[in-house]
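# structure for the following, please:
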Amino acid sequence: MKNDLLISRNILFPVAVFGLIFTVCTINIDLTSFGLPLEAGKILTYIALLCNFITVIVLIVDVFKNNLSTKYLWTLGFLFSGCIGGVYYLLKRDSFLSKA
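Numbers count the residues shown, from 1 in each chain. Model (predicted):
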């Protein structure tokens, strides 16, 4: 039985992509060269981490609600990779759930 996500996929996917992009950009790229003050870069980092946290929690709940056979591996993947694994799971979610 396929259960819905806690947050709609139309909302969760942009949140995951935002978290992925701004976590990578603010850690690896100095945003002050783009005209953003240092405080704005820090705020973007905190917002990106919050987006990562929301995405990971929603997807862990989804994996356990749908009782996937690889739920513990997905949980580890979400916890270690954050939104990278989350974006991949959201893109391939229907195929994973059809196999369950």
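# so what's the residue most central in space within the chain closest to, chain neighbours aside?
Centroid-nearest residue in the chain: residue 83, 3.1 Å away (criterion: C-alpha atoms, centre = their mean). In space, and not counting its chain neighbours, residue 83 is closest to residue 20: 3.9 Å by C-beta to C-beta, 6 or more residues apart in numbering. For every residue, glycine as well, the C-beta is placed using N, CA and C.
# how many neighbours does that neighbour have?
Using other C-beta atoms under 10 Å, residue 20 has 20 other residues around it.
# now stretch 38-52: average pLDDT?
Stretch 38-52 carries an average pLDDT of 84.
# buried set for it?
Neighbour-count burial for stretch 38-52 flags 41, 44, 45, 48, 51, 52 (criterion: 16 or more other C-beta atoms under 10 Å).
# next one: stretch 77-95
77, 78, 82, 83, 84, 85, 86, 87, 89, 90, 93.
# correct me, but the fifth one touches residue 19?
No. Between residue 84 and residue 19 no contact is recorded; they are 9.8 Å apart, counting by C-beta atoms under 8 Å.
# surely the residue nearest to the centre of the chain touches residue 23?
Yes. The pair residue 83 / residue 23 is scored as a contact, 7.0 Å apart, by C-beta under 8 Å.
# between the two, which contacts overlap?
residue 52 (C-beta atoms under 8 Å, 6 or more residues apart in numbering).
# that older thread, helix or strand: which one has the residue nearest to residue 83?
Using DSSP states H and E, residue 20 sits within helix 9-28.
# low-confidence stretches in the chain?
1, 27-28, 100 (pLDDT under 70).
# now the longest helix anywhere in it against helix 9-28, angle please.
The longest helix of the chain (DSSP state H) is helix 38-65. Per axes from the mean of the first three to the mean of the last three C-alpha atoms, to 10 degrees, the angle that helix 38-65 makes with helix 9-28 is 130 degrees.
# so how far is the following helix or strand past helix 38-65 off the chain centroid?
Going down the chain from helix 38-65, the next helix or strand is helix 71-81, by DSSP H and E. Relative to the centre of its chain, helix 71-81 is centred 11 Å away, using C-alpha atoms, centre = their mean, to the nearest Å.
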